[in-house]
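K.L.:
The following block contains a protein sequence and its predicted model.
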Amino acid sequence: MQARAQLRKKLRVARRELSSEQHEDAAKRIVLQLNALPFLNEGTTIAGYLVNDGEVNLKYYINSVWQASSKKRFTLPVLHPVCKGHLLFLSYKPNTQLIWNKYNIEEPVLACKNVVPVTQCDVILMPLVGFDNKGNRLGMGGGYYDRTLSFTQRQIGSHSPPKKRRPKLVGIAHDIQEVDALPIAPWDVPLDAIVTPTRTLHFTNS
Ligand SMILES: Nc1nc2c(c(=O)[nH]1)N(C=O)[C@@H](CNc1ccc(C(=O)N[C@@H](CCC(=O)O)C(=O)O)cc1)CN2
Ligand SMILES: Nc1ncnc2c1ncn2[C@@H]1O[C@H](COP(=O)(O)OP(=O)(O)OP(=O)(O)O)[C@@H](O)[C@H]1O
């Protein structure tokens, strides 16, 4: 666990230290990578994030989604006000009012009418702190995505209820965030793909 915390610290520093040109370049290149993903073009509800702590900025991608099709909607994570450690997803439009959460990340002002159930998200773009080439990921350490998406894991066994819709999970990271291997925790939700400004890795998690 200590090793995980140390690695998280190191990788967070590394992504913050990329130059503003590198950040800008990453934000532009990620659009090309994402537009080449078939399931992202098919999906109508896409969850993303607003940039924090040197993450790949999705600003150009979000703009392209807004401009491309009125059928597509974009959603953002909001810290759940009651269910601690979980996320809600709220719709994000150009006129959405934003506030800073306790981590200094912008999120939509909470209004029930704007909540989009996570099962309605076709694709979730998740910010990564670290990743390996097997699709294991390291996040900020809050366990928010793991808890919120744990329903995707409980579908084994003949007596389980009918499958809830499972969003495709796509990790987004800078190339420098790749490490040789990451330990898997039992609660880790497997990713379907990892996208960097230069590469897309696909994984099979059926
Ligand atoms: N852009 C973005 N939005 C996101 C996430 C993310 O990783 N990136 N999250 C992904 O889960 C959720 C927020 N999770 C977070 C978990 C920990 C910290 C963080 O900075 N922790 C500090 C301690 C801060 C404190 O407790 O006051 C730290 O580790 O230094 C930030 C966000 C929801 N929104
Ligand atoms: N499904 C879950 N149920 C209960 N606790 C969980 C669950 N998933 C994760 N946690 C808790 O969250 C803590 C942080 O998990 P971890 O270090 O894997 O975070 P992370 O994957 O880096 O963060 P995030 O999911 O926010 O990106 C763990 O110590 C674990 O106890």
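P.N.:
That came through, no problem. What you see is a predicted model, and the numbers here were worked out from it, not measured in a lab. Ligands and ions are numbered 1, 2, ... in the order given.

K.L.:
center of this structure - which residue?
P.N.:
Residue closest to the average C-alpha location in the chain (CA atoms, centre = their mean): residue 126, at 1.1 Å.

K.L.:
mind listing what the host helix or strand of that one pairs with, with the direction of each?
P.N.:
For residue 126, the enclosing helix or strand under DSSP states H and E is strand 123-127. Sheet pairing of strand 123-127 (DSSP bridges) gives strand 45-47 (parallel), strand 168-172 (parallel).

K.L.:
Residues touching the helix or strand just after the last one, excluding its own?
P.N.:
From strand 168-172 onward toward the C-terminus, using DSSP H and E, the following helix or strand is strand 193-195. Counting by CB atoms under 8 Å, 6 or more residues apart in numbering, the neighbours of strand 193-195 from elsewhere in the structure are 30, 33-34, 37, 125, 128, 131, 135, 137, 168-173, 200-203. In this view, the C-beta of every residue, glycine as well, is placed from N, C-alpha and C.

K.L.:
Now a PyMOL select for only the buried ones of the residues you listed.
P.N.:
In PyMOL, a selection of the buried entries from those looks like this (16 or more other CB atoms under 10 Å):
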select buried, resi 30+33+34+37+125+128+131+135+137+168+169+170+171+172+173+201
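
K.L.:
returning to what we had before: looking at the strands paired with strand 123-127, spot the one closest to residue 180.
P.N.:
Nearest to residue 180, of all the strands paired with strand 123-127, is strand 168-172, at 16.6 Å by CB to CB.

K.L.:
export that closest one as CSV, just CAs?
P.N.:
In CSV, the C-alpha atoms belonging to strand 168-172 read as follows (Å, rounded to 0.1, in the frame of the first residue of the first chain):
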residue,chain,number,x,y,z
LYS,A,168,-17.4,1.1,-21.4
LEU,A,169,-14.6,2.2,-19.1
VAL,A,170,-11.8,4.1,-20.8
GLY,A,171,-8.7,5.4,-18.8
ILE,A,172,-7.1,8.6,-20.0
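
K.L.:
Isn't residue 121 up against residue 170?
P.N.:
No. Contact criterion CB atoms under 8 Å: residue 121 and residue 170 do not qualify, at 11.1 Å.
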